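Undergrad: here is my input; please provide its structure:
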Amino acid sequence: MLLGVGDAARGGAGDGDGARPDDATELELVCAERDELARRLDELTSSRLHRLLARCRRVLGGGIRFGPRRPAVLPVSPVEPEIEPSLPVESGAAGDVETEPLVPLEVVAPDEATPSALVIDARHPTPDRDAGSRYTTGIVEALEDLGHRVAFLADDGAATPDPDLVFGEVHVVHHPIDVLALLRQWSATLEVVVLCRGSVAARHLALVRTSVPDATVVFSPHDLVFLREGRRAELEPVSARLVDAHREIELGNVRASDVTIVPSTHELALLRELCPEARVHLVPIRETPRATEADHCPDGRSGIVFVGGFAHAPNVDAVHWLVDEIMPKVWEVTPDATVDVIGADPPPDLESVDERVRIRGWVPDLAAEYDGARVVVAPLRFGAGAKGKISEAMAAGVPVVTTTVGAEGMGIVPGDHAIVADGERPFAQAVVQLFDDDGLWTHLAARAAEQVAVHHGAEAVRDALAAAIDDAPGRSPRPD
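TA: Residues are numbered from 1 along each chain as shown. Modelled structure (predicted):
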């Protein structure tokens, strides 16, 4: 249920790192991001955007609206843009926090003959831990495939791990950093700026617009928070104002960007309906198909696997539903079935469940887990975006049982690519069926792998991103 002003909101794990703040705190942070976006646009943009902001102010309580296009050249306001201070970094004794001063940017200057791209995400990607990171790395790799020299900036101010672990040749910008200096240094060749997630876009969109007005601004929400949290409200108390604030920020980012990319056909249709003037494109999660024809055999496989990071609230709800409601019905028919729960930061209360449920925590390489699994389950009751855990299992050639929410927007044909079941009893019956029916198992495994190869391969992602960028206002068609 949605909670109005003054209603108590229940805490829980969120989709970011660490514990989820309570709704009141998160509402303050989200509204602050909204207000900062409006303030900085007011200070930094041209008279044309001033007129658009008048529309924004009229509806700040119900949705920020921006015009569909930006001028080909956006003049900088006579007021010098305010340089954003770096985020606090931990130092000294536990609990002490100090802010490091901005330092000049020291990076290798871009090759003037090579177009460059900048990708900013909320944190450094950890593709072995969460699907959002895998989506970001897929975008980075696609930009490289399109011939761009790519720089990446994590917006959390944290120490950056070894970039070679994720990005190879991509230039990873370290904190503390002067973002304005970065944009100016790369401005001569900077063609594309990708802003990942709503808070990142709200924080940097105005600065990007004025510093590199000719660059194409791409907004990548990964999943729509207002959609996810609105669905969550159907199961547990969620602040209505918090959902509305996320909606304002995300739709405002869609309207203010040149192009928005989403991994789900459902969110593609939703954003095109809510923002008909915006350019919205489908760019799927990038997967590497690894299943061969020899893998499409159920012999020697056993057990059920659930994969999901538990800093993401839908996964916490899903695993509790699986263990508390679904598995008892599976065990009525298949009492020896085991469940491996894999993912970072599992809820502590799962430790005391049935001995047939193994809480594995984070596993660095899932190949062996998929190779031995009989079924992968994704019992998601709420969420948004495309579910990386599902496309990853399909790429490995393991049949998946999921819900309507889990399969949404991924082009999955129920009964052909995966089994889709809602409700404890139907879900349990689908799991049991895959233990008993080798013919169905083999069909789903083969068809799922084919689906991923066609729609989630490197070429498909590259071509989809190229089409999105080329659709931006003022861009010339890409040469063949």
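Undergrad: what residues of stretch 351-361 count as buried?
TA: Neighbour counts over stretch 351-361 (16 or more other C-beta atoms under 10 Å) mark 353, 356-357, 359 as buried. In short, each C-beta sits where N, CA and C put it, glycine included.
Undergrad: quick one: contacts of that stretch?
TA: Residues outside stretch 351-361 that contact it (C-beta atoms under 8 Å, 6 or more residues apart in numbering): 323, 327, 331, 336-344, 346, 350.
Undergrad: stretch 423-433 now?
TA: Residues from elsewhere that reach stretch 423-433, judged by C-beta under 8 Å, 6+ apart: 304, 321, 325-327, 329-330, 332-334, 337, 375, 377, 379, 401, 403, 419, 421, 440.
Undergrad: tell me where the stretch 51-200 of the chain has helices.
TA: For the stretch 51-200 of the chain, the helices defined by DSSP state H, counting those that start in this stretch occupy 131-145, 179-185, 198-211.
Undergrad: the ones you listed: lowest mean pLDDT?
TA: Among the helices of the stretch 51-200 of the chain, helix 179-185 has the lowest mean pLDDT, at a mean of 86.
Undergrad: and the helices in the stretch 201-350 of the chain?
TA: Under DSSP H, counting those that start in this stretch, the stretch 201-350 of the chain gives helices at 225-232, 240-256, 265-274, 313-321, 327-331.
Undergrad: closest to Ala151 out of the ones you listed?
TA: helix 240-256 (20.8 Å; C-beta to C-beta).
Undergrad: report the angle between the axes of the closest one and helix 198-211?
TA: Between the axes of helix 240-256 and helix 198-211, defined by axes from the mean of the first three to the mean of the last three C-alpha atoms, to 10 degrees, the angle is 30 degrees.
Undergrad: now the angle from helix 240-256 to helix 225-232?
TA: Taking the same axes, to 10 degrees, one finds helix 240-256 and helix 225-232 inclined to each other by 150 degrees.
Undergrad: which of the buried residues of stretch 351-361 sits closest to Ala448?
TA: Among the buried residues of stretch 351-361, and counting by C-beta to C-beta, the member closest to Ala448 is Val357, at 25.0 Å.
Undergrad: please report phi then psi for that closest one.
TA: Dihedral pair for Val357: phi -110, psi 120, per degrees, to the nearest 10.
Undergrad: what are the ranges of the strands in the stretch 301-450 of the chain?
TA: 304-307, 339-342, 357-361, 375-378, 400-402, 419-420 (DSSP state E, counting those that start in this stretch).
Undergrad: could I get these in CSV, plus columns for distance to Arg247?
TA: What follows is the strands of the stretch 301-450 of the chain, written out as CSV (distance: least, C-beta to C-beta, whole Å):
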stretch, distance to Arg247
strand 304-307, 29
strand 339-342, 32
strand 357-361, 34
strand 375-378, 26
strand 400-402, 26
strand 419-420, 27
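Undergrad: report the beta-bridge partners for Val194.
TA: Taking DSSP bridges as the rule, Val194 bridges to Val119, Val218.
Undergrad: all strands of the stretch 51-200 of the chain, in order?
TA: Going by DSSP E, counting those that start in this stretch, the stretch 51-200 of the chain shows strands at 89-90, 97-98, 116-121, 149-154, 171-173, 190-196.
Undergrad: just to revisit the earlier point, can you flag the buried ones in the contacts of stretch 423-433?
TA: 304, 321, 326-327, 329-330, 337, 375, 377, 379, 401, 403, 419, 421, 440.
Undergrad: would you point out the most distant pair within those residues?
TA: Longest span within these, C-beta to C-beta: Trp321 and Leu440, 23.6 Å.
Undergrad: coming back round to it: and the buried residues of stretch 351-361, which two are the farthest apart?
TA: Longest distance between any two of the buried residues of stretch 351-361 is 11.6 Å, between Arg356 and Ile359; criterion C-beta to C-beta.
Undergrad: so what pLDDT did Arg255 get?
TA: Reported pLDDT for Arg255: 97.
Undergrad: that one - how many residues pack around it?
TA: Close neighbours of Arg255, defined as other C-beta atoms under 10 Å, add up to 22.
Undergrad: rewinding a little: wait, which of the helices of the stretch 51-200 of the chain is closest to Pro284?
TA: Nearest to Pro284 among those is helix 131-145 (8.3 Å), distances taken as C-beta to C-beta.
Undergrad: ok, residues contacting the closest one?
TA: So helix 131-145 is contacted by 15, 117, 119, 121, 125-127, 150, 152, 166-167, 169-170, 192, 194, 196-197, 220, 222-223, 261, 263, 283, 285-286, 386-389, 392, 458, 461-462, 465-466 (C-beta under 8 Å, 6+ apart).
Undergrad: what residues go with each domain of the chain?
TA: 2-74+113-282, 293-456 (automatic domain parsing).
Undergrad: relative to Asp470, which of the ones you listed is closest?
TA: Asp470 sits nearest to domain 2-74+113-282 of all the domains of the chain, at 9.0 Å, using C-beta to C-beta.
Undergrad: quick one: Leu195 and Phe427, what's the gap?
TA: 37 Å (C-beta to C-beta, to the nearest Å).
Undergrad: could you do Gly409 as well?
TA: Noted for Gly409: a distance of 20 Å to Phe427, by C-beta to C-beta.
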